[in-house]
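Undergrad: From the sequence below, what's the structure:
(one chain, ligands or ions: 2)
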Amino acid sequence: MTRPMIKLTGISKSYHRPGEGELQVLKEVDFEVAEGEFVAILGPSGSGKSTLMNILGLLDTADSGEYELAGRNVSGMSAAELAKTRNSTIGFVFQQFHLLPRTTATENVELPLVYSHGQPGDARKRAIDALCRVGLEERLTHFSGELSGGQQQRVAIARALINNPAIILADEPTGNLDQVAGGQIMNLFRELNQAGSTILLITHDEQLAKKAGRMVTINDGCLSAGNQLRAGRDVYVQHDAAGASEPQSGVSA
Ligand SMILES: Nc1ncnc2c1ncn2[C@@H]1O[C@H](COP(=O)(O)OP(=O)(O)O)[C@@H](O)[C@H]1O
Ligand SMILES: [Mg+2]
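TA: Numbering: from 1, shown residues only. Ligands and ions are numbered 1, 2, ... in the order given. I've put the predicted structure just below:
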């Protein structure tokens, strides 16, 4: 097995609402994502997907349990350490694209680098590279308002790639897209995964989840063991009860 990029052990989270008591949203979740995997978490609305994603993305903390991200235990980190780790390790993609409207695709993508490094020339080159990786080489100078929904989400994915994150976290990335554009975004994630990106995507759409390398379901805050759908890049698959494990490569159609 390649090294775990994400390792959760016994993660629980509750919300307290005045007059309504305690709502346990995540229940002793154990979960691993290996480096190079493309994993989908499938679950209905209200099952705890975004709560889990917020914890994975260091945007929120669990009540109990351990979380190791890229080999580091994040459970005891200060807010400043969490922010630094978040910026250097994770690329986020959301249902809303969160692009600046009167701003070009290139400027939207280079924004995280402008804030973190302040070297505009380098940022520009890397933004253009990232936009080429998502197939938008023809749209570099378009304002984001001039792009289709699917193209806007590609810009957001390029922005997520710009810091070379260890993992991409995508929360319902196709939720604002029609079926065709949504399928194209899933194909793009598969290409990025083949090129080396580790991707964790959450969705309520089973057809989309099945395009990932592995699918895990979440129901009422409990995670299932999950199904291997296809071998991803460098992912080892357990074949049989005899325990023979061998590397698989390539993607089946
Ligand atoms: N900040 C919060 N305060 C109280 N309840 C919340 C909060 N965030 C989410 N919840 C509740 O937790 C449950 C899971 O929410 P969420 O993780 O957003 O689910 P999903 O993303 O799967 O739709 C829901 O019942 C939701 O109402
Ligand atoms: Mg959600």
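Undergrad: show me where the stretch 101-250 of the chain has helices.
TA: Taking DSSP state H, counting those that start in this stretch as the test, the helices found in the stretch 101-250 of the chain are 105-116, 120-133, 149-161, 179-194, 206-209.
Undergrad: For stretch 99-113, list every residue counted as buried.
TA: For stretch 99-113, the neighbour count (16 or more other CB atoms under 10 Å) marks 99, 104-113 as buried. Where C-beta positions appear, they are placed from N, C-alpha and C, glycine not excepted.
Undergrad: Could you list the low-pLDDT ranges of the protein?
TA: Scanning the chain for pLDDT under 70 picks out 1, 116-120, 231-253.
Undergrad: For burial, what's the neighbour tally of residue 135?
TA: Residues within reach of residue 135, counting by other CB atoms under 10 Å, total 16.
Undergrad: Might one say that residue 60 is in contact with residue 53?
TA: No - contact criterion CB atoms under 8 Å: residue 60 and residue 53 do not qualify, at 9.1 Å.
Undergrad: between these two, who's got more neighbours?
TA: Neighbour totals were compared for residue 60 and residue 53, and residue 53 leads with 21 against 14 (other CB under 10 Å).
Undergrad: Next one: the more buried one from ligand 1, what distance?
TA: Using CB to the nearest ligand atom, to the nearest Å, we find residue 53 at a distance of 7 Å from ligand 1.
Undergrad: same question, residue 207
TA: Taking CB to the nearest ligand atom, one finds residue 207 at 18 Å from ligand 1.
Undergrad: Any buried residues in stretch 71-88, and which?
TA: Buried, per 16+ other CB under 10 Å, within stretch 71-88: 74, 77, 82, 85-86.
Undergrad: thinking again about what came up before, which one of the buried residues of stretch 99-113 is nearest to residue 42?
TA: residue 99 (26.9 Å; CB to CB).
Undergrad: which bits of the stretch 1-150 of the chain sit near ligand 2?
TA: Neighbours of ligand 2 within the stretch 1-150 of the chain, by CB under 5 Å from the ion: 49-50.
Undergrad: Report the closest residue of the stretch 1-150 of the chain relative to ligand 2.
TA: Among the residues of the stretch 1-150 of the chain, residue 50 lies closest to ligand 2, at 3.2 Å counting by CB to the ion.
Undergrad: ok, how many other residues are close to the nearest residue to residue 178 once chain neighbours are set aside?
TA: Leaving aside its sequence neighbours, residue 178 sits nearest to residue 149 (CB to CB, 6 or more residues apart in numbering; 7.7 Å). Applying other CB under 10 Å, we find 15 residues neighbouring residue 149.
Undergrad: Fine by me, thanks again.
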